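Enquirer: using only what follows, build the 3D model:
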Amino acid sequence: MMINKISALEACWHTSAPWGQAMPPLAIQMLEKVFLSSSNLSGYCCGVYWEKQEWIYAIVCQSETLYLPREEFYGTSLLKKAPVSTPIFKLGDVVEVDFGEKPAHRIIQGVFSLKNNWLYAVEWCSPTLEERTLAQSRIIWLADVDLVKVDA
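Expert: Residues are numbered from 1 along each chain as shown. Just a heads-up that it's a prediction; the model follows:
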């Protein structure tokens with residue numbers, strides 16, 4: 001009986017959002033200008049992903065990308081004009097990914113703009129697996145051509 005429960009958990013981890021039932025709102029929009037709380041510097045948001053129970057924002061500042069939690073910056077509601085198209089997938093979308101034997105369903109947990117293209121974060125291994133080292137991330141970044149939207 002216990003083996004069936006473990007098998008069921010391992011089979012469905014990828015269709016349960018890591019943030020629970022309701023996705024927490026984002027503090028800022030993609031390409032929004034922000035000011036860093038600890039300095040007089042400004043930048044803009046080029047991505048976001050879910051990690052350790054919070055959104056982590058990718059902020060481009062002085063040609064570097066900083067990965068910061070919400071407390072370390074504040075938004076301006078000003079959007080940067082950029083030639084980047086709208087992302088095909090949004091946070092929380094269920095997609096199909098071909099990892100091997102058969103395609104697997106995953107949830108989009110991050111979106112990132114890189115060189116005028118969008119990348120999407122999905123988990124490649126179960127969050128319950130403890131064998132991975134601390135340096136390894138469960139997240140893999142894929143292009144839209146590697147994903148197919150699944151109607152939930």
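
Enquirer: now for the spatially most central residue of the chain: which residues touch it?
Expert: With distances taken as C-alpha atoms, centre = their mean, Gly110 lies nearest the centre of the chain, 1.3 Å away. Gly110 makes contact with 47-50, 91, 120-121, 139, 141 under the criterion C-beta atoms under 8 Å, 6 or more residues apart in numbering. (Each C-beta comes from the backbone N, C-alpha and C, glycine too.)

Enquirer: which secondary structure element is home to the nearest residue to Phe73 once chain neighbours are set aside?
Expert: What sits nearest to Phe73 in space, not counting adjacent residues and going by C-beta to C-beta, 6 or more residues apart in numbering, is Val34, at 4.4 Å. Assessed by DSSP states H and E, Val34 sits inside strand 32-36.

Enquirer: list the strands paired with that strand, with their directions.
Expert: Each strand paired with strand 32-36, and its direction, by DSSP bridges: strand 42-51 (antiparallel), strand 73-79 (antiparallel).

Enquirer: returning to what we had before: look up how far Asn40 lies from the residue nearest to the centre of the chain.
Expert: Distance of Gly110 to Asn40, computed by C-beta to C-beta, to the nearest Å: 28 Å.

Enquirer: any idea of the mean pLDDT for stretch 66-78?
Expert: On average, the pLDDT along stretch 66-78 is 95.

Enquirer: got the buried residues for it?
Expert: For stretch 66-78, a neighbour-count test (16 or more other C-beta atoms under 10 Å) marks 68, 70, 73, 75 as buried.

Enquirer: helices of this structure, start to end?
Expert: Here the chain has its helices, by DSSP state H, at 2-12.

Enquirer: helices and strands of it: which one bottoms out on pLDDT?
Expert: Each helix and strand of the chain was given a mean pLDDT (mean pLDDT, DSSP states H and E); the minimum falls on helix 2-12 at a mean of 57.

Enquirer: ok, back up a step: any idea which of the contacts of Gly110 is least confident?
Expert: Lowest confidence among the contacts of Gly110: Ile139, with 84.
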